[in-house]
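Asks: Provided below are the primary sequence and the corresponding predicted coordinates.
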Amino acid sequence: MTDEQGKVVSMKERLKARQTAARRKQQLSDRRLEDAHAMALMFMRTQGDHVATIKAALKVADRYVIALRECVHVLGGSSLEVTATFPEGKMAIDKLSQ
């Protein structure tokens, strides 16, 4: 194996390791968001709130976020990001009703 081939193999291995790490990080973030959502729903149940009403409100909020994204796009912006901050770091939220 030539020196260049060795470099290519090394770069491919590093890329694969980075992709694997990114996938794991995304899975962990998704799991945390799902856990937070489940805890919020459980809390609302114990407080006597109607879960169906809250889920409907979250869907309405999702529609508002979609409309706001479209407004940002029309005004020349490239994107709108909703970010939740946790002790472990920040996480982008695509849908509030996840």
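Replies: Received it, and whenever you're ready, just let me know what you need. Residues are numbered from 1 along each chain as shown.

Asks: From Leu58, how far out is Glu70?
Replies: 19 Å (Cβ to Cβ, to the nearest Å). Yep, even glycine has a C-beta here, placed from its N, CA and C like the rest.

Asks: What of Gln47?
Replies: 16 Å.

Asks: Looking at these two now, which is surrounded by more residues?
Replies: Counted by other Cβ atoms under 10 Å, Gln47 and Leu58 do not tie: Leu58 has more neighbours, with 16 against 7.

Asks: in what helix or strand does the more buried one lie?
Replies: Here Leu58, judged by DSSP states H and E, is contained in helix 51-74.

Asks: Could you check how far that helix is from the centre of its chain?
Replies: Put simply, helix 51-74 sits 16 Å off its chain's centre (Cα atoms, centre = their mean, to the nearest Å).

Asks: Look at Arg69 and say how many residues are nearby.
Replies: For Arg69, using other Cβ under 10 Å, the count is 15.
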